[in-house]
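1. Just need the structure, nothing else, for what follows:
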Amino acid sequence: MKRVAVVILNWNGEKLLKEFLPSVVEYIPDYAEIIIADNASNDNSISFLEDNYPHIRIIKNTTNGGFAKGYNDALKQIDHHYIVLLNSDIETPENWIEPVINFMDNHPDVGAAMPKILQYKKKSHFEYAGAGGGFIDRWGYPFCRGRIFNDLEEDFGQYNSNIPIFWASGACMFVRNEVFKELNGFDEFFFAHMEEIDLCWRIQRAGYKVYAIGDSHVYHLGGGTLNKLSPRKTFLNFRNNLLLLTKNDVSRGFWLRLIQKLLLDGIAGVKFLFEGNFNHCIAIIKAHYSFFIHLPRYLKIRKTLHHQLGNNEIKGIYSDSVVRNYFLRKKRVFSEF
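-> Now for the predicted structure:
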């Protein structure tokens, strides 16, 4: 059996597979194999793969459980040492796997890692979903080397170092299979969005590290499954962010920060309203309603995790507010934080 499984989750993605799979096939090293995890597609994805890539293994999930359950179900059937979770809308260049695997081989305390993620359509610039490595502030706002909110930096090598980060992007995440299974994988209730941040937080709480590897990169189209303008995405992001914090933030002052976070969400909703994005404002209201409905269950999960996972040092949490620095102090690039 090969050491590395590159697992591409597919749902009705025939068009994306036609465009992006060839590069993955071309630049896959001989110690790795490609596996397609299909989330009960009803297009011609499966027949396309069987006709054009008969050597690629296909795992057929019985339902579309989103990103989280889709990968959880598929990875139960995979025994490789390393798993690479790769979006179906990513183009891979030559030598994209080797630097990350070599680093993880030499650093057994690294549970997950990611390459730089650049834009497919503007390859000189970082891409939204992960950029040069993910961080988070004390109020749960994620940001990246190379991406603060919607401001995307040009890549001129400023983030080519290998550094510990808070979260690795689910668009291209390398993870040790044993660590993924030790932590029971992704939180399936998240469905999609922020499930990789939750996993990386638990990885660090369990005593492992998460790294960005600057001498590897891939190109991401983005928005291939759920457009960033979708109210559904707004709902998932706001709801899951609150659940993420409730599960994992056991630091002093959490409850006050949670109240402040709810107020900041309200401000975001008012902003959407004044911009004419009524559906997104409603999505935030629904997200808060769903959060409070599920809060009792997540408080139990919080207590369980607090007993199961160690009180290890967590890297990549920004002690100040990224919101204040971005909107009030006009800081737009990672190096200013």
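2. Model confidence for the nearest residue to Lys123 once chain neighbours are set aside, exactly?
-> Nearest-residue entry for Lys123: Tyr219, 5.8 Å, with adjacent residues in sequence omitted and distances by C-beta to C-beta, 6 or more residues apart in numbering. Placement of C-beta: from N, CA and C, glycine included. Tyr219 is assigned 98 on the pLDDT scale.
3. Does Tyr219 lie in a helix or a strand, and which?
-> strand 209-220 (DSSP states H and E).
4. buried sites along that strand?
-> For strand 209-220, a neighbour-count test (16 or more other C-beta atoms under 10 Å) marks 209-220 as buried.
5. Alpha carbons of that strand, as CSV, please.
-> C-alpha atoms of strand 209-220 as CSV (Å, rounded to 0.1, in the frame of the first residue of the first chain):
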residue,chain,number,x,y,z
LYS,A,209,1.3,21.1,15.7
VAL,A,210,-0.2,22.5,12.5
TYR,A,211,2.2,24.0,10.0
ALA,A,212,2.3,26.0,6.8
ILE,A,213,4.9,24.8,4.3
GLY,A,214,6.1,27.8,2.2
ASP,A,215,8.0,25.9,-0.5
SER,A,216,4.9,24.1,-1.7
HIS,A,217,1.9,25.7,-3.4
VAL,A,218,-1.3,24.9,-5.3
TYR,A,219,-3.8,26.9,-7.3
HIS,A,220,-7.5,27.1,-6.1
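6. Follow the chain on from that strand and name the next helix or strand.
-> Using DSSP H and E, the next helix or strand after strand 209-220 towards the C-terminus is helix 231-248.
7. Would you mark the buried spots in that following helix?
-> 231, 233-248.
8. Give the other helices and strands that it contacts.
-> Helix 231-248 is packed against helix 195-205, helix 254-274, helix 278-308, with contacts defined by 3 or more C-beta pairs under 8 Å, 6 or more residues apart in numbering; DSSP states H and E.
9. chain center to the shortest one: distance?
-> Spelled out, that is helix 195-205. How far helix 195-205 lies from its chain's middle: 10 Å, per C-alpha atoms, centre = their mean, to the nearest Å.
10. Give me the contact list for it.
-> For helix 195-205, contacts defined as C-beta atoms under 8 Å, 6 or more residues apart in numbering pick out 67-68, 111-112, 134, 136, 142, 166-170, 173, 175, 179-180, 183, 185-187, 190, 209-210, 240, 243-244, 247-248, 305, 309-312, 314-315.
11. one step back: what's the angle from the strand holding Tyr219 to helix 195-205?
-> Angle of strand 209-220 versus helix 195-205, following axes from the mean of the first three to the mean of the last three C-alpha atoms, to 10 degrees, is 160 degrees.
12. Pull the contacting residues for Ser319.
-> 137-138.
13. roughly how far apart are it and Arg202?
-> According to C-beta to C-beta, to the nearest Å, Ser319 and Arg202 sit 21 Å apart.
14. Distance across stretch 187-207, terminal residue to terminal residue?
-> 19 Å (C-alpha to C-alpha, to the nearest Å).
15. So for it, what gets flagged as buried?
-> Across stretch 187-207, burial judged by 16+ other C-beta under 10 Å covers 187-206.
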